[in-house]
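Novice: sharing a sequence plus its predicted fold:
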Amino acid sequence: MKLLEYESKDIFRAYGIPVPPTGGVIKDAGKLPNAIKKAGKGPWVLKAQVLAGGRGKGGGVKLAKTPKDAREIAKKMVGMTLITHQTGPEGLLVKEVLVDKASDISREIYFSIVMDRKSGKPTIIASAEGGVEIEVLAKERPSAILKMPVDPDRGLEAYQGRRLAYALDIPNDRVLDFVKMATKLVKVFLDLDASLVEVNPLIITPKNELIALDAKIVTDDNALFRQESLAERRDPEITALEREAKEVGLSYIALDGNIGCMVNGAGLAMGTMDTVSLAGGSPANFLDVGGGANEEQVTRALQIILKDKKVTAVLVNIFGGIMRCDTIAKGVIAAAKKVKLKLPLIVRLEGTNVKEGKAAIRKSPRSNGRPRRSGSPTSRSTETSAAWSTGPALRWGRWIP
Amino acid sequence: MSILLNKKSRIVVQGITGSAGSFHSEQCLKYGKGIVAGATPGKGGKKHLGVPVFNTVHDAVSAEAVDASLIFVPPPFAADAMLEAADAGVKLIITITEGIPVLDMARVKKDIERRRALGQEIRLVGPNCPGVITPGEVKAGIMPGYIHKGGGPVGLVSRSGTLTYEAVWQLTQRGIGQSTVVGIGGDPIAGSTHTDILRLFEQDDATKAVVLIGEIGGSAEEEAADFYKRHMSKPVYAFIAGKTAPPGRRMGHAGAIIEGGSGGHADKIAALKQVGIHVVDNLSEIGETVARTISAAQTA
């Protein structure tokens, strides 16, 4: 789960990590006078609170020198659709704007902590060349990026902090401040079960103060059971449908296509999407019904798939291991009946009790006298589904009432 | 021959009395011997599914000489279960549990590496995986046993459960047996990587070819390609899931996410192809591709 900049800065503040004085977030431009009053003497910086990078280039970060400037910027920014290289062409609606006191910058540093999969250790990534996109820097000048693994139990050792500080050319009288700040940032990472804590830029002011000018935290969903403060938070990034799926234990992600997919297992679900695409179709979603799905789960999965109005055909691809094929077949038939399915449904079963499963599908009540088949090899069922989802071939779909 | 597990393996199941642990242990026992003990705190001294249950893994090790552990413990307690098995001297730990915090895995990995550095023989497979099966001999995991065919020339290593079953089934239907099938799991931090398992298959006499199943996210497949180039003489066939997955979205598995411009499908395919690994584009053609080249090799 990604946290917004102001949420991340609130956490930083609670840990004693220096952030700019703030007037808080506003949801309408009318609240601006209070916010700038709270932030202190201008100029101020107004920042669109959306979960995407590249906000500055997209017009989501603006400097206001006077209250009048600030008011005009706020009016434009609240409610605007911000398009950056990370949002896609549809952009993101700006609902909240953060009002911070502007800081004078003499140097910018990049600082982040990520979980390095290869070493299995939290790892600090830092660069004396901050303020740029780290991916760009990584490509163009990888030698400018420093990496330092951190012990997952002990956090950052003071000597590690000092080595980083000297490598980043932190002013001599601020080395200890930097070590403190880096240690606290690592503590945030460990305490929150984060997968990313990023400060870009971490600035040095003309008075040699160190400040986290921006803040980004991404947390590990698997750890929500022990992160009470995060567990109650609604993930703003997922759609209503995705949230509904999550609540019933389904892993669902909406995509752009028209073939609804219901698959067991994340890998097979991705593989099925790829096969649909290879066959010339376009998947409407990723949906993993999980290993222990029953009739109720299958019904809910089908309901969720069908709520996406782009869907013109549904492909069920289940490899029955723990979940037996006959159970799945009965679940699918009951679910199709319950949701009064009108779209072509293609069921592909393989695995435990596959004969019984296919027999159950074959015996299911006919609809409109159409022939019923259950696909066998993956390619056949996905290719057929792809074909069925387009044009006049649609009427040849197999209907399960 | 096989890797990791064989007829002589002696397995303790941690969490054997829980519902998932109980169901799957029973399935494993039906498939073959292997499980000789269970461990559940507070249930020591009882028998479950015909095997003795102990309060601690240490007790199971001293009473039943177990050398492998299969873990079904729920996510909040799974890291502790792995640390316990490691401390008890279990050589192979297979963790099925899904949803373990990544930081917990970082801590477990650190402990295992420390033990290795001290000379302890220890290996972790998983978490969030279907387990390990040496077909015809022993099954330690949640995979359906009957889809496999024993005594065969093909080893499989995979990040995904049902996708592995799919590939195994395609091989079995074409009469191609498997030496060992290893699920390494879909989490960002895994006990064993593709590379670790490739290394074992390369050393195993029974394994003549390997199927590698990967997915988007991380760089494990790229590292496997590098290992193949340097150290492998046996042919490797690869399928990578997630070509159509959008960046930034976690596709079910915690590890299956394209982030920061890395972990994408195209990069992985390019890395594998470049070193001469056979890449299969369509998942329904995995078995066919392997069958074709194996029979060609036999007639040549």
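Specialist: The structure has been received and is ready for your questions. The structure displayed is predicted, hence computed values, not measured ones.
Novice: what residue ranges in the stretch 201-300 of chain B score low on pLDDT?
Specialist: B:260-261, B:296-300 (pLDDT under 70).
Novice: how about the helices in it?
Specialist: B:220-231, B:265-274, B:286-299 (DSSP state H, counting those that start in this stretch).
Novice: count the neighbours of whichever residue of the stretch 251-400 of chain A sits closest to chain B for me.
Specialist: Nearest residue of the stretch 251-400 of chain A to chain B (CB to the nearest CB) works out as A:Gly267 at 2.2 Å. To be clear about C-beta, it is placed using only N, CA and C from the backbone, and glycine gets the same treatment. A:Gly267 has 32 neighbouring residues, counting by other CB atoms under 10 Å in any protein chain shown.
Novice: after the strand or helix carrying it, which helix or strand is next?
Specialist: Here A:Gly267 sits within helix A:266-278, counting by DSSP states H and E. As assigned by DSSP H and E, the chain's next helix or strand after helix A:266-278 is strand A:285-288.
Novice: show me what that next one is packed up against.
Specialist: strand A:251-254, strand A:259-263, helix A:266-278, helix A:295-307 (3 or more CB pairs under 8 Å, 6 or more residues apart in numbering or on different chains; DSSP states H and E).
Novice: can you put the ones you listed in a markdown table and add mean pLDDT?
Specialist: Listed next are the helices and strands packed on strand A:285-288 as a markdown table, based on pLDDT from 0 to 100:
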| stretch | mean pLDDT |
| --- | --- |
| strand A:251-254 | 90 |
| strand A:259-263 | 92 |
| helix A:266-278 | 90 |
| helix A:295-307 | 87 |
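Novice: got JSON lines for those, with distance to B:Ala256 too?
Specialist: Formatted as JSON lines, the helices and strands packed on strand A:285-288 follow (distance: least, CB to CB, whole Å):
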{"stretch": "strand A:251-254", "distance to B:Ala256": "10"}
{"stretch": "strand A:259-263", "distance to B:Ala256": "13"}
{"stretch": "helix A:266-278", "distance to B:Ala256": "6"}
{"stretch": "helix A:295-307", "distance to B:Ala256": "19"}
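Novice: so which of the helices of the stretch 201-300 of chain B is the most surrounded?
Specialist: helix B:220-231 (a mean of 20; mean count of other CB atoms under 10 Å in any protein chain shown).
Novice: which parts of the stretch 151-300 of chain A are strands?
Specialist: Residue ranges of the strands in the stretch 151-300 of chain A, as given by DSSP state E, counting those that start in this stretch, are A:194-204, A:210-212, A:216-219, A:251-254, A:259-263, A:285-288.
Novice: quick one: closest of the ones you listed to A:Leu3.
Specialist: strand A:216-219 (4.4 Å; CB to CB).
Novice: for the closest one, packing partners?
Specialist: Strand A:216-219 packs on strand A:2-3, helix A:5-14, strand A:194-204, going by 3+ CB pairs under 8 Å, 6+ apart.
Novice: ok, now with 7 Å
Specialist: Packing contacts for strand A:216-219, counted by 3 or more CB pairs under 7 Å, 6 or more residues apart in numbering or on different chains; DSSP states H and E, involve helix A:5-14, strand A:194-204.
Novice: got the residue ranges for the strands in the stretch 301-401 of chain A?
Specialist: A:313-320, A:345-351.
Novice: equivalent analysis for the stretch 1-150 of chain A, please.
Specialist: A:2-3, A:22-26, A:44-48, A:61-64, A:81-82, A:92-93, A:97-101, A:107-116, A:121-127, A:145-149.
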